[in-house]
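> need a structure here:
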Amino acid sequence: MKSNDIILQTAAKFVTFIIMIFSFYIFLGGHFGPGGGFVGGLLTSSALVLMLLAFDIKTMSTVIPFDYKLLIPIGLLVALGTGVGSFFFHVPFLTHAFGHFTLPIIGETELATATIFDLGVYLVVVGITMTIIQTIGESE
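Here you go, the predicted structure:
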């Protein structure tokens, strides 16, 4: 029997938005300090788990019709691609490179290969965590 938790569902929508924004902030600040792909991925997974608790798996699978198992190989390929890319420039595996660029709206910013590697880690962490949580939830 499903109870109608309107307060939990309303609060979960609001808190999920805040967690996702904080996850994006932690992800972008990862190559300068603590955080990055792993912590950002865990925060994103926690926001999605909160939505799974407020709603059910069937509702969430209709809202987000995506197989999280696909994120794991995609993330591994992105992370591995940043390491293999260093071979084209004759530098050691996973050598960090960065540059300063001027973007139209943002202005001057730094783009780094560590961010691309963190994106791969982020995708792997979200994929693995959500696959585990959904597997546990579907068995009940």
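> chain center to the longest helix seen in the chain, what's the gap?
Taking DSSP state H as the assignment, the helix of the chain that covers the most residues is helix 113-138. Put simply, helix 113-138 sits 6 Å off its chain's centre (Cα atoms, centre = their mean, to the nearest Å).
> Mind giving me the packing neighbours of that helix?
Using 3 or more Cβ pairs under 8 Å, 6 or more residues apart in numbering; DSSP states H and E as the contact criterion, the secondary-structure elements in contact with helix 113-138 are helix 6-28, helix 37-54, helix 57-63, helix 71-85. For every residue, glycine as well, the C-beta is placed using N, CA and C.
> Assumed residue 99 was part of a strand.
Yes: counting by DSSP: H, G, I helix; E, B strand; the rest coil, residue 99 is part of a strand.
> what are the bridge partners for it, then?
Residue 99 forms beta bridges with residue 111, as assigned by DSSP bridges.
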